[in-house]
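Student: Sequence and predicted structure are below.
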Amino acid sequence: MGPLAGAPLRLFNTLGAELQEFAPLEPGLVRAYTCGPTVYAYQHIGNMRAYVFADTLRRVLEWKGYEVVHVINITDVGHLTSDMDEGEDKLELASRREHRSVWDIAARYTGLFLRDIAELRVRRPAVWAKATEHIPEMIAFARVLEDKGYAYEIESGLYFDTSRVADYGKLARLDVEGLREGARVAPVPGKRHPADFALWRASPRDVQRLMEWESPWGTGAPGWHLECSAMSRKYLGPRFDLHTGGVDHIPVHHTNEIAQSEAYLGGPWVPFWMHNEFISLSGAKISKSRGNTIVLPDLEHAGFHPLSYRYLLLGSRYRSQSEFTWDALEAARAGHRRLLERVRARLPAGAGPIPPGEPVRLGEAARRVSEVGRGHLARLDAAVSADLNTAQALAALTQISRDPALTANDFAVLVSAAEALLVIGLLDLAPAELDVSATVEAVNADQVRRLLDERAQARGRGDFAAADAIRDTLDRVGIEIRDTPEGPVWKARAARDAPRGE
């Protein structure tokens, strides 16, 4: 029985906006970078899609036989309240809001983020690159750009001159000339062009920022875009294969990363760019600034296992906008439970030949199964090879779970392979574990107060849909709210009385 060649891996490359067959710069090795969180607040369930997507991509690359070096950054300085050069640093703003130091803010929300992705079984990257630990690399990177004539200094800092880049905006296919003609006033005095962006933001005179460093351009802090270019270069080299992130990164952050990195190199940088779409809530993008935030513990307090949310995400294409509803999550849990019931009926817990969480290669799995099993493997491979079609992969897994012709060995190998690709607890979760009991004791008072604060902010700006969504979220986890002249008061009711669904 010859080797199972597998389907060619075709991925949608945002740079060029087309499906392309993937091949790494160096045979057998894939180097990938994912834009990570800005750790100034809880990461909501929409944020989690980016990391489940990147984790799935990594697992598929390993399935195809590649060694993968994956880097994710932690932005703990430099990201302003606008993705452009406007507003305050998000960490400093959070520090004043919560009356904690910026370092405490970063540590707290980094820890909560790491907890959430672990609950979703997203594997740790080779490197977590924290921005504040790489200031010297950022300064060195910016000095090269200045020496090459791509940067200019003004009172507010060092800025990248986008007019020096002929194809600026190619990732997002921006009409740069139209933007320049339509802009009358640059948001930062002294900027030569509206699209120019900060490499280094100088601290205002007589103002001491909470986070600042010395540089050739005065005391200040790095620009958000500079961070990723400098850190990816340190850990992945001057050129690497894949860069991922959310679609919101395309028009500004990733566009500016490309401009400064290609100016630094004097040529092409990253050949493949992949982006996941948003998860929406009641037709609106989930956004911390809009107040309609749902975080992973909210799902757990409502009785849902985190892997049922992963199952929900895998049920749609990563490039498709998806609507989050409690009914959809309930339906995902039901499908997840049925699948686990069929698997558990034929496969004892932990009986797969590949330990849960470990990578498995297509060739290795193919050597362990019969011709019948190889047919199922080919369908599973074809699904993930078609731009990570995880919905089709789940359908292939359903076929595996229902095929009575599979031997015990074939079934165990196929389930192990599917678990390695999709990570939905096939080998170690009992169906009953998908119903996480929400008890009064499980209610986190800090989390309730956080949601009530966000509800008050939403009502204050007249966004009553967002305020109602937060109230509904609390209601589902057994929290009753009563609005009084002194403000809202709440109490927890017994978990058995908490409603399910919408």
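Tutor: Arrived safely, thanks for sending.
Student: Residues touching the helix or strand harbouring residue 143, excluding its own?
Tutor: According to DSSP states H and E, residue 143 maps onto helix 135-147. Identification of contacts with helix 135-147 by C-beta atoms under 8 Å, 6 or more residues apart in numbering yields 131, 151-153, 158, 160, 199-200, 213, 215-217, 222, 226-227, 229-231, 233-234, 260, 263-264. (Each C-beta comes from the backbone N, C-alpha and C, glycine too.)
Student: cool, stretch 99-118 as well?
Tutor: 37, 39-43, 48, 51, 74, 76-77, 91-92, 94-95, 98, 132, 210-211, 295-297, 306.
Student: are any of those residues buried, and which?
Tutor: Buried by 16 or more other C-beta atoms under 10 Å: 37, 39-43, 48, 51, 74, 76-77, 91-92, 94-95, 132, 210-211, 295-297, 306, out of the contacts of stretch 99-118.
Student: And the strands in the stretch 51-200 of the chain?
Tutor: Secondary structure of the stretch 51-200 of the chain (DSSP state E, counting those that start in this stretch): strands at 67-74, 127-130, 151-154, 157-160, 197-202.
Student: Save those strands as TSV, and put in distance to residue 491 too.
Tutor: Listed next are these as TSV, based on distance: least, C-beta to C-beta, whole Å:
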stretch	distance to residue 491
strand 67-74	37
strand 127-130	40
strand 151-154	55
strand 157-160	50
strand 197-202	46
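Student: Helices of the stretch 201-350 of the chain, residue ranges please.
Tutor: Secondary structure of the stretch 201-350 of the chain (DSSP state H, counting those that start in this stretch): helices at 224-236, 255-265, 296-301, 306-314, 326-346.
Student: Could you dump those into TSV and include distance to residue 278 and mean pLDDT?
Tutor: Shown next, in TSV, are these (distance: least, C-beta to C-beta, whole Å; pLDDT from 0 to 100):
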stretch	distance to residue 278	mean pLDDT
helix 224-236	20	96
helix 255-265	18	97
helix 296-301	17	87
helix 306-314	12	97
helix 326-346	15	94
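Student: In CSV: those helices, plus distance to residue 429.
Tutor: CSV is the format used below for those (distance: least, C-beta to C-beta, whole Å):
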stretch, distance to residue 429
helix 224-236, 34
helix 255-265, 38
helix 296-301, 14
helix 306-314, 7
helix 326-346, 6
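Student: Which of the helices or strands spans residue 11?
Tutor: Counting by DSSP H and E, residue 11 is part of strand 10-13.
Student: Show me what that strand is in contact with.
Tutor: 18-22, 271-274, 319, 385-388.
Student: now do 7 Å
Tutor: For strand 10-13, contacts defined as C-beta atoms under 7 Å, 6 or more residues apart in numbering pick out 19-22, 272-274, 319, 385-387.
Student: ok, now stretch 265-280?
Tutor: So stretch 265-280 is contacted by 11-15, 22, 45-46, 49-50, 53, 57, 171, 238-247, 249-250, 254, 258, 261-262, 285-286, 318-324 (C-beta under 7 Å, 6+ apart).
Student: Identify those among the residues you listed that sit within strands.
Tutor: Judged by DSSP state E, those include 11-13, 242-246, 285, 322-324 as members of strands.
Student: Out of those, grab the one that's most surrounded.
Tutor: Among those, residue 243 has the most neighbours (other C-beta atoms under 10 Å), with 28 neighbours.
Student: With that, I have no additional questions.
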